[in-house]
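Trainee: can't give you the sequence, but here's the structure:
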């Protein structure tokens, strides 16, 4: 075992085949991880995050724009506050509206319809 009481300056590659334990701050210009990484504290990423594969998140808070290039499968309630622009809307069960409905085209209804006209 070697113990250093001051700085160590290494100007070549370092090959460590065992465990590297760092207590304190480490300033790394580039970090490539080939295996599993476990974090017990917060991760602060101040740049882009590119994830390939499956990502399992318990809670996801998005503060700004989120863009999806494939289908979104939401298996719970979807609460949208504000304007929502949908190109195609298919409703397979009951739809409840608490305010006026403005339909600017034809209305095609199959089944029983009760209309109260004032």
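Mentor: Perfect, I can see it now. Quantities reported herein were computed from a predicted structural model and do not represent experimental measurements.
Trainee: how close does the residue nearest to the spatial centre of the chain get to residue 66?
Mentor: The centroid of the chain falls nearest to residue 60 when counting by CA atoms, centre = their mean (5.5 Å). Distance from residue 60 to residue 66, counting by CB to CB, to the nearest Å: 9 Å. Bear in mind the C-beta positions are built from the backbone N, C-alpha and C, glycine included.
Trainee: Strands along this protein, start to end?
Mentor: Along the chain, counting by DSSP state E, no stretch forms strands.
Trainee: Might you list the low-confidence residue ranges for this protein?
Mentor: Judged by pLDDT under 70, the chain has no weakly predicted residues.
Trainee: how about 80 then?
Mentor: Within the chain, the ranges that satisfy pLDDT under 80 run 115, 118.
Trainee: Determine how far stretch 64-83 lies from the middle of the whole chain.
Mentor: Relative to the chain's own centre, stretch 64-83 is displaced by 11 Å; criterion: CA atoms, centre = their mean, to the nearest Å.
Trainee: Between the two ends of it, what distance do you get?
Mentor: Length of stretch 64-83, first residue to last, CA to CA, to the nearest Å: 15 Å.
Trainee: And stretch 36-56, by the same measure?
Mentor: Length of stretch 36-56, first residue to last, CA to CA: 15 Å.
Trainee: Contacts for that stretch, please.
Mentor: For stretch 36-56, there are no surrounding residues in contact (CB atoms under 8 Å, 6 or more residues apart in numbering).
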